[in-house]
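Q: Provided below for reference: sequence and predicted model.
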Amino acid sequence: MLWLISHVVIATACIIRILLRPHRQPESRLSWLVVVLALPYVGVTAYLLLGETNIGRKRVARLGKILNNLPRPEDTAGWSVPLDASEALGKWAPLFKMGESISGYQPVGGNVARLMENSDAAIDEMAADIDAASDHVHLMFYIWLTDSNGMKIVEALKRAASRGVTCRAMADDLGSRDMVHSPQWREMKAAGVHVASALRIGNPLLRAFDGRIDLRDHRKILVIDNRITYCGSQNCADPAFLPKKKFAPWVDAVMRFEGPVVRQNQHLFASDWMANTDEDIRYILRQPMDEPGPGFTAQVIGTGPTVRSSAMPEMFETLMYAARDQLFITTPYYVPNSPMEAALCAAANRGVNTTIIFPERNDDFAVGATSKSYYEELLTSGVKIFEYQRGILHTKSITLDGEITLIGSANMDRRSFDLNYENNILLYDPAMTEDMRARQSQYLEDSRRVTLEEVQGWSWRKRILNNALAILGPVL
């Protein structure tokens with residue numbers, strides 16, 4: 001009898017917490033209610049560990065204090081490029097207004113960029129820029145391996161440190177666990193590179209009491225001399241990606257930027273570095289800027305569990321609703337919330353030429369199956385769905401109407417929405433958008449189109465599996 005009472009009390013308390021928890025979509029509440037009611041003890045334990053976006057009160061307070069004291073990019077000496085968005089951006093002003101509302105960075109002009117040819121070329125250019133650095137190198141990766149490409153960056157950092165360049169290298173404690181615990185990590189430290197782990201786990205049992213273990217820093221940032229930055233989907237690894245080699249190659253896109261937008265990525269890196277170390281690097285943000293030359297408008301968009309709820313899906317939805325002629329999306333992981341799925345369908349329904357490419361084989365079976373549960377609705381609305389055949393298409397990109405590009409680390413799934421720290425750059429430039437659109441067309445050539453007839457012909461077993469996993473989408 002006592003066991004039954006305890007069971008009811010614990011389950012009821014958890015259910016009440018699920019219903020009272022702020023900033024949660026109804027479908028997320030429903031998913032957790034199903035889990036708790038179907039598997040009470042397992043469900044309650046899972047909710048306590050994974051059900052809430054909790055990074056710990058100490059971390060929230062620390063990060064808030066850091067951000068309040070960090071010099072803003074627009075306060076930098078020589079910063080003379082803030083745009084009057086209503087005049088310079090015209091019809092695209094609301095997109096950048098949305099971006100500014102997320103992380104506070106203004107749209108800024110005077111930027112130039114190049115799209116890297118491929119993953120290996122991106123690493124080679126990064127290493128060359130590190131070799132040319134004269135003052136500092138700041139680097140953050142979610143996954144950093146000790147493979148060929150990973151070691152190119154390790155050796156470049158060691159060379160830079162040996163000639164007096166201040167190098168700060170940070171990697172996510174979970175995603176880069178092999179690197180963080182490797183001899184190469186210790187060698188970098190011995191060579192004078194400042195190294196740090198982001199969101200350090202430590203003792204998993206004790207860590208669980210100070211925020212979720214699976215909240216991760218998914219950003220990919222490289223800033224050199226306050227002059228150059230890189231942004232894209234690529235981790236510091238070979239395309240062969242040995243931990244998941246059966247899905248290889250991993251296909252990514254990276255852009256190299258120069259201009260005022262570099263200071264925004266620097267600010268984002270500084271907030272990460274100071275949140276995870278005791279070193280104050282505010283002085284870097286106070287270094288005066290050179291006057292920028294002609295260039296396009298761009299804006300860094302940094303999201304994470306300490307930013308307002310649903311910031312990243314709001315950005316995606318705003319882009320989808322802004323498209324008037326063409327909308328092209330690549331994403332490896334698609335577990336949308338209801339408003340984002342509706343926005344994508346609405347684009348096709350109003351006549352926008354809407355295309356999305358997923359990888360045919362997903363390295364996460366549950367996420368891949370969940371993505372497929374949305375196919376029929378998307379196809380019925382007129383969205384063209386393609387599946388990439390030659391490995392994992394890991395590029396996260398959106399282009400619209402031949403003028404706007406979003407590139408970065410954020411996927412279209414619940415982890416990127418609620419749990420991961422992400423960095424993206426939004427830009428307004430027909431030339432760069434044409435380059436990105438050409439890359440998307442290359443992906444299309446290696447993809448197979450999925451038809452409505454094909455999806456409607458799936459077996460009932462496949463439909464049940466996909467739809468059952470989709471119910472747990474908010475949990476995934």
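A: That came through, no problem.
Q: Helices of the stretch 301-450 of the chain, start to end?
A: 311-322, 338-349, 365-372, 375-381, 414, 430-445 (DSSP state H, counting those that start in this stretch).
Q: Going by mean pLDDT, which of the ones you listed comes out lowest?
A: Lowest mean pLDDT within the helices of the stretch 301-450 of the chain: helix 414, at a mean of 83.
Q: Can you get me a residue count around residue 443?
A: 20 (other Cβ atoms under 10 Å). Backbone N, C-alpha and C define where each C-beta goes, glycine included.
Q: ok, now how distant is it from residue 118?
A: 12 Å (Cβ to Cβ, to the nearest Å).
Q: Also residue 325?
A: For residue 325 relative to residue 118 (Cβ to Cβ), the value is 29 Å.
Q: repeat for residue 184
A: Distance from residue 184 to residue 118, by Cβ to Cβ: 24 Å.
Q: pLDDT weak spots in the stretch 1-150 of the chain?
A: Low-confidence segments of the stretch 1-150 of the chain (pLDDT under 70): 1-8, 21-28, 30, 36-57, 60, 80-87.
Q: all strands of it, in order?
A: According to DSSP state E, counting those that start in this stretch, the stretch 1-150 of the chain carries its strands in the segments 108-115, 136-141.
Q: other SSEs contacting the last one?
A: The one in question is strand 136-141. helix 148-162, strand 166-172, strand 221-224, helix 261-276 (3 or more Cβ pairs under 8 Å, 6 or more residues apart in numbering; DSSP states H and E).
Q: got those as CSV, with distance to residue 455 and mean neighbour count columns?
A: Formatted as CSV, these follow (distance: least, Cβ to Cβ, whole Å; neighbours: other Cβ atoms under 10 Å):
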stretch, distance to residue 455, mean neighbour count
helix 148-162, 37, 20
strand 166-172, 36, 24
strand 221-224, 38, 25
helix 261-276, 40, 24
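Q: on that earlier part again, a markdown table for the helices of the stretch 301-450 of the chain, including distance to residue 190?
A: Listed next are those as a markdown table, based on distance: least, Cβ to Cβ, whole Å:
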| stretch | distance to residue 190 |
| --- | --- |
| helix 311-322 | 38 |
| helix 338-349 | 47 |
| helix 365-372 | 39 |
| helix 375-381 | 52 |
| helix 414 | 40 |
| helix 430-445 | 39 |
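Q: Go through the ones you listed and name the closest to residue 224.
A: Proximity to residue 224 (Cβ to Cβ) singles out helix 430-445 among the helices of the stretch 301-450 of the chain, at 20.0 Å.
Q: buried ones in that closest one?
A: By neighbour count on 16 or more other Cβ atoms under 10 Å, the buried set for helix 430-445 is 432-433, 435-437, 439-440, 443-444.
Q: again with stretch 135-150
A: Result for stretch 135-150 [16+ other Cβ under 10 Å]: buried residues 136-147, 149-150.
Q: residues in contact with residue 79?
A: Going by Cβ atoms under 8 Å, 6 or more residues apart in numbering, residue 79 touches 73, 260, 263, 289.
Q: Among these, which one sits closest to residue 106?
A: residue 73 (7.8 Å).
Q: Per-residue pLDDT of the residue lying closest to that closest one once chain neighbours are set aside, please?
A: Using Cβ to Cβ, 6 or more residues apart in numbering and skipping residues adjacent in sequence, the residue nearest residue 73 is residue 263, 4.1 Å away. At residue 263, the model reports a pLDDT of 95.
Q: just the one 3 residues further on next, same as before
A: Reading off the per-residue confidence, residue 266 sits at a pLDDT of 97.
Q: mind checking how far the nearest residue to it once chain neighbours are set aside is from residue 126?
A: Leaving out its chain neighbours, the residue that sits closest to residue 266 by Cβ to Cβ, 6+ apart is residue 223, at 4.8 Å. Note on residue 223: its distance to residue 126, by Cβ to Cβ, is 11 Å.
Q: swap in residue 375?
A: Distance from residue 375 to residue 126, by Cβ to Cβ: 37 Å.
Q: higher neighbour count, those two?
A: residue 126 (25 against 22).
Q: ok, for the more buried one, nearest residue in space, not its chain neighbours?
A: Per Cβ to Cβ, 6+ apart, closest to residue 126 is residue 222, 5.7 Å.
Q: Residue 435 too?
A: Closest to residue 435 by Cβ to Cβ, 6+ apart is residue 115, at 4.7 Å.
Q: thought that neighbour was touching residue 433?
A: No. If you go by Cβ atoms under 8 Å, residue 115 and residue 433 don't touch, sitting 10.3 Å apart.
Q: any idea of the pLDDT on residue 471?
A: Reported pLDDT at residue 471 in the predicted model: 75.
Q: With residue 360 instead?
A: pLDDT, residue 360: 95.
Q: just checking, it touches residue 387?
A: Yes. Using Cβ under 8 Å, residue 360 is in contact with residue 387, at 3.9 Å.
Q: overlap in contacts of those two?
A: residue 448.
Q: Give me the distance between the residue nearest to residue 352 when sequence neighbours are not counted and residue 74.
A: Leaving aside its sequence neighbours, residue 352 sits nearest to residue 323 (Cβ to Cβ, 6+ apart; 4.8 Å). Using Cβ to Cβ, residue 323 is found at 29 Å from residue 74.
Q: For these two, indicate the residue with more neighbours.
A: More crowded of residue 323 and residue 74, by other Cβ under 10 Å: residue 323, with 23 against 17.
Q: so what's the more buried one up against?
A: Counting by Cβ under 8 Å, 6+ apart, residue 323 has contacts 347, 352, 354, 400-401.
Q: which among those residues gets closest to residue 383?
A: residue 354 (4.8 Å).
Q: okay but the closest one is in contact with residue 382, surely?
A: Yes. Here residue 354 reaches residue 382: they are 6.8 Å apart, a contact under Cβ under 8 Å.
Q: okay, the two: which has more neighbours?
A: residue 354 (25 against 16).
Q: With that, I have no additional questions.
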